[in-house]
Structures are given as C-alpha cells and as structure tokens.
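# Output the structure for:
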Amino acid sequence: MKTVAIIVFDKFTDIDVFLPWDLFNRVKLKEQNRQVKFLGTKPKHKSIAGIELDMHGSLDEAKEADIVFFSSGPGTRQLYQNQEYLDQFNLDAKNQLICSMCSGALILAGLGLLHDKTATTYPTAFDTLEQMGVTVERDSHLVVHGNIATAAGCLAAIDLVGWCLDKTVGNEVKESVIASVQAIGQGQVCIY
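Presented below is the predicted three-dimensional model:
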C-alpha cells in the first residue's frame, strides 16, 4: 500500500469515512512512505452529522492511488447519475483496488465497475442498485470480484479495509491492524 484515496462528498456518512481513515493510518504508523488522502470536488465536504472535513486533493488524484475507497451516505444519490462527476475518475481495476462502503456501490455501478458482477450495499440502496442492473447479495456484508469489493453495514469497513490490507501489505499487517480495534476478549461473553 502506497496511497489510499478515500472519496468524500457532501452528506457522507461519518463512520464510513473516519473508521477506514483510522484503520489505513494504523498501517502508515507501522510503515513509512504511505499516504492516506481524502479526495473530493471541493476544498471541504460536510458529513450528514455536520462535520466539515478538509480535503487533501481533488478526485483526479484517485487514478494514481493504489486503493480507491468510496465512502457512503445520502450524497451518493446525487452523484451516481451525475456524468460530470463520474467523468472525473479514470480508474483501472486491473492495477488498483477499488472498493465501496454501503451506498458507495451506487457510484461504482455508475462508473460501470459492477457490470456483470454481484455486489452488496446498504439495504436502503438495494433496489436502486438492482435497477442499475447489478445483482445484489442482500445477505453478504462483503462481496469481492478480483480487485473490486463492496461492503454493507458500517462495521463491515473493518473487513473491507482488512481485504485491502491483505492484498497490499500482507496478512500479518492486516491481522495486526484488525486486532488493534477488536473488542478485548472478542468472542468471550460473560453473562452473570
């Protein structure tokens, strides 16, 4: 992993941006020469919770990233059919990992990246994604086809980022990063 581009827009879902940001930066702390960037169409984008987030660059930088991570939120509904927005991307699924959280899958479909593939998304976007010709795997939180992955449910970001890390920096780093955020004693429940 050299560069991660997290694609942000107005009305993004906070956790679907900040959780991946945190996880990808845990690798940056372990390895030098790594960059995690927020990319958008404006200098700042505002989340659905009202947080204004400064961008590190513009969307055209995504073509140079090793990992392109599309966030989610109500803002995707204005973007997946906006050809001017979509034309700003020049992605290469053969040489980049391209993934989405929840409704970010709508943008992947708008870019034509889900053609002849199955995908998952947040339940409120199931019907829209199906209307775009994509078969939705409604019971899967992570769907992977080669270098393209879609995830559904905010905490699925852990598995989605884990997939990215496994493919770019290896299983050992991935396991270390994932272990650093898991609940202590995960799997052990004590009820008295």
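
# Would you mind measuring from the closest residue to K63 other than its chain neighbours to E175?
Leaving aside its chain neighbours, K63 sits nearest to N90 (4.4 Å; criterion: C-beta to C-beta, 6 or more residues apart in numbering). For the C-beta atoms, the positions are set from N, CA and C on the backbone; glycine is no exception. N90 sits 33 Å away from E175, taking C-beta to C-beta, to the nearest Å as the criterion.

# Tell me which of these two has more neighbours.
Using other C-beta atoms under 10 Å, the more surrounded residue of N90 and E175 is E175, with 13 against 10.

# how far does the helix or strand that one falls within sit from the chain's center?
Assigned by DSSP states H and E, E175 falls within helix 171-179. When C-alpha coordinates are averaged (C-alpha atoms, centre = their mean, to the nearest Å), helix 171-179 and its chain have centres 18 Å apart.

# tell me which residues of stretch 126-134 are tucked away?
Buried residues in stretch 126-134, counted by 16 or more other C-beta atoms under 10 Å: 126, 128-129, 132, 134.

# my bad, should have said stretch 166-181
Going by neighbour count (16+ other C-beta under 10 Å), the buried part of stretch 166-181 is 167-169, 173-174, 177-178.

# What of stretch 81-94?
If you call a residue buried by 16+ other C-beta under 10 Å, then stretch 81-94 has these buried ones: 85, 89, 91, 93.

# Check stretch 67-76 too.
By neighbour count on 16+ other C-beta under 10 Å, the buried set for stretch 67-76 is 67-73, 75-76.

# can you state the direction angle for the least confident helix or strand in the chain by mean pLDDT and helix 171-179?
Least confident helix or strand of the chain, by mean pLDDT, DSSP states H and E, is helix 14-30 with a mean of 89. Per axes from the mean of the first three to the mean of the last three C-alpha atoms, to 10 degrees, the angle that helix 14-30 makes with helix 171-179 is 130 degrees.
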